[in-house]
Structures are given as structure tokens and as C-alpha cells.
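> need a 3D model of the following:
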Amino acid sequence: MNIKVFSGSSNPNLARDIVENLSLNLGKVSLSKFANQETCVEIGESVRGEDVYIVQSGAGDVNDNLMEMLIMISACKIASAQRVVAVIPCYPYARQDKKDKSRAPITAKLVANMLSVAGADHIITMDLHASQIQGFFDIPVDNLYAEPMIIKYIRDNIPDWKNAVVVSPDAGGAKRVTSLADKLQIGFALIHKERVKANEVSRMVLVGDVKERISILVDDIADTCGTMLKAGNKLLESGASKVYAIVVHGIFSGDSLKKISESKLEEFVATNSIAQMHNIKTSSKIKVIDISKMLAEAIRRIHNGESVSHLFYHVPL
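Reported below is the predicted structural model:
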């Protein structure tokens, strides 16, 4: 296969797992910073006429990682790569996807423009915060879903899951939990939250019955984790026997890991779309769903010109 996979510095472990699944070696690239903090990228092997995949997540030092990815895309493009595909498991600035107040920027669109101008021919991402972000691009975007992996995790790791309820911590995630509940053939509930300002929730109202049942909170992003932990407490107050939390992108900023460790949640599960090695060591409640097989299969299918839609409903073998 004339595929080259390069990794940025945001999640090298995920990139290594992806190439292992593809029976390839990770491409050689040197990433460093000049004394004035400018990013320096040197591609260490020929990419002429190759299909190049650059794996970089939009988390951690978001701006540095974004800039690094743009420079890597540009470097491969001007080195005569046939096609450059940006593999961005967690899309940066995805929550700034609409003009929700006067003079607010639509930064997710700006990032899309930057990726296109840098020379990306195709984007692979996972569980975009808002699916309309796909429409910000004039190049193909494959938005994969972690749902099949989450379903597998629930079946394999949550005892008595057939007596569980899938819960959305806000009204925006209702579609996500109803889809999960349908596929698992279990009940669902949602929590209506009233916000005073961004990242601050004033009151929560539970819609649905969780009494004496396991509750599985599901969301796409956990950042400060305030909403998830408040929702977990609300469910326990409402009579839930146990509460599990599952998110696709576990950012865990600030002192969120400390709060999770001290909480009454059984587990807080996230995919490795963002590097989780440090978080696992910090809190015993953090568990990880590996998405490398799904990304590797998406890369294989795109390279061979096959359909990717199979991955929306099935875990790759």
C-alpha cells in the first residue's frame, strides 16, 4: 500500500496503534520548536505520489497542535504527496460552530478554511460536536461515530446493563441517547439544565424514571466535567442504583480528574481520541475505549475507495 501515516505530537500512542492495525510503520517526522516558540516540522522520508495520513487531535495545547498539523499538511503537499488526509479524532474549536450572540466568531468554520488552505484533500474526524461542521468544508469529510464502540463497551463491561437507563445530561444530546437506547433496547431519560452563563449550570430537572436502575450518562465532550458530575448527583438523588459516565472526547481540564475521583460515579469512560495515559494514572475511575481499529479501518477503506458507512453501525473486527 502506498500509504504513509505521520503523527503530530498530540496523541502519538493512538497513531502507533493505528499503524499497527494497518501493518505499517509510522512515518518519520521531526517536530520541535525554535527558541521563539515557532513550530518546526521536518518530514523525514519521501512522500512523492503517496497517500499521506496525518493523525493529530485538537486537544491539549490546542493552538500549537493545530498549527503543527497545518504545517505538516503543507509540508507534505509541497513535497508532492498525491493526497493528504487529516485524521482529527477530536476536531478543535468544534463548540464554536454557530453565531449564538452578537459579534461572536464561528471559529469551527475558520479552522475548516485553514485546513483547506493548508492543502488537506480529505478529513477524517469523530463525533463532531455539531454535524453541520461537515458543511463548512468543500472537501470530503468522514465523520465517524463512536456509538458502535460504546455499545460494545456497555455490553462487555457494565453488569446488568439490560436493566439500565441511558441518560443525556442535556436536551442537546437527546438524539444521541435515544439512538443508543434503541440499539440496546433499554430505556432512556434526559436532564434539562438551566445555565446562568457558559460552563455554569444553575438547576437540573430529570425527565424520566431511573429509580433502582443503573444509569449510563452519555455525552460527546467532557471538559470541566461540571455538567456530568452534577447530572450524576441528580440521578443518585432520584434513586439510581449506580451511575456510569461515557463520553467520546475526554478533555478533563482543570481539576476535573480530582472531582471525578471524589465523585460517586462508578466509572468515567472516554475514548482515546485524546491521549488518556496520564489521566488513567491520575484517577482510577477513568477507563478508555480504544478507537484505533475504527480509524485504521476508515483509512484502509478510504485508501481502497470503499464505503465507510459500514463503520457507522459496526465495530471493525
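> now Thr282. Nearest residue, chain neighbours left out?
Leu257 (4.8 Å; C-beta to C-beta, 6 or more residues apart in numbering). C-beta here means a position set from N, CA and C on the backbone, and glycine is covered the same way.
> ok, the one you found to Gly250 distance?
Using C-beta to C-beta, to the nearest Å, Leu257 is found at 10 Å from Gly250.
> again, but for Asp160
25 Å.
> pretty sure the residue nearest to Thr282 sits against Lys281.
No: using C-beta atoms under 8 Å, Leu257 is not in contact with Lys281; the gap is 9.8 Å.
> which strands and helices sit next to the host helix or strand of Val87?
Taking DSSP states H and E as the criterion, Val87 maps to strand 83-88. Contact here means 3 or more C-beta pairs under 8 Å, 6 or more residues apart in numbering; DSSP states H and E; on that basis strand 83-88 packs against strand 51-55, helix 62-78, strand 122-126, helix 292-303.
> partners of that strand, with directions?
strand 51-55 (parallel), strand 122-126 (parallel) (DSSP bridges).
> what's the next helix or strand after the last one in contact with?
It refers to strand 122-126. Downstream of strand 122-126, the next assigned helix or strand under DSSP H and E is strand 141-144. Strand 141-144 is contacted from outside by 122-128, 131, 133-134, 294-295, 298, 302, 308, 311-312, using C-beta atoms under 8 Å, 6 or more residues apart in numbering.
> can you pull out the helices in the stretch 151-300 of the chain?
174-184, 226-237, 256-262, 277-282, 292-303 (DSSP state H, counting those that start in this stretch).
> what is the mean pLDDT for the last one?
Averaged over helix 292-303, pLDDT sits at 97.
> how distant is it from the center of its chain?
Taking the mean of its C-alpha atoms, helix 292-303 sits 16 Å from the chain's own mean (C-alpha atoms, centre = their mean, to the nearest Å).
> in the longest strand along the chain, what's buried?
What stands out as the longest strand in the chain, according to DSSP state E, is strand 187-197. Residues of strand 187-197 classed as buried by neighbour count (16 or more other C-beta atoms under 10 Å): Gly187, Phe188, Ala189, Leu190, Ile191, Lys193.
> and those, which two are furthest apart?
Taking C-beta to C-beta as the measure, these span a maximum distance of 20.2 Å, between Gly187 and Lys193.
> output the helix or strand that contains Glu42 as CSV - backbone C-alpha positions only.
Assigned by DSSP H and E, Glu42 belongs to strand 39-43. Output in CSV follows, covering the C-alpha atoms of strand 39-43 (Å, rounded to 0.1, in the frame of the first residue of the first chain):
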residue,chain,number,x,y,z
THR,A,39,6.8,25.3,15.3
CYS,A,40,9.4,23.4,13.3
VAL,A,41,8.4,20.4,11.2
GLU,A,42,10.7,18.2,9.1
ILE,A,43,9.2,15.3,7.2
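> any residues touching it, and which ones?
So strand 39-43 is contacted by 6, 27-34, 64, 67-68, 71-72, 75-76, 79 (C-beta under 8 Å, 6+ apart).
> recalculate using a threshold of 6 Å.
Strand 39-43 is contacted from outside by Val29, Ser30, Leu31, Ser32, Phe34, Met67, Glu68, Ile71, Met72, Ala75, using C-beta atoms under 6 Å, 6 or more residues apart in numbering.
> any chance of JSON lines for the residues you listed, columns neighbour count?
Output for the contacts of strand 39-43, formatted as JSON lines (neighbours: other C-beta atoms under 10 Å):
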{"residue": "Val29", "neighbour count": "20"}
{"residue": "Ser30", "neighbour count": "9"}
{"residue": "Leu31", "neighbour count": "16"}
{"residue": "Ser32", "neighbour count": "10"}
{"residue": "Phe34", "neighbour count": "8"}
{"residue": "Met67", "neighbour count": "17"}
{"residue": "Glu68", "neighbour count": "22"}
{"residue": "Ile71", "neighbour count": "17"}
{"residue": "Met72", "neighbour count": "26"}
{"residue": "Ala75", "neighbour count": "21"}
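> just give the number of residues close to the closest residue to Val111 other than its chain neighbours.
The shortest distance from Val111 to any non-neighbouring residue, by C-beta to C-beta, 6+ apart, is to Tyr93 (5.1 Å). By other C-beta atoms under 10 Å, the residues close to Tyr93 number 20.
> try Leu24
Neighbours of Leu24 (other C-beta under 10 Å): 16.
> confidence score at it?
Note on Leu24: pLDDT of 96.
> also the one 3 residues further on?
What the model reports as pLDDT for Gly27 is 97.
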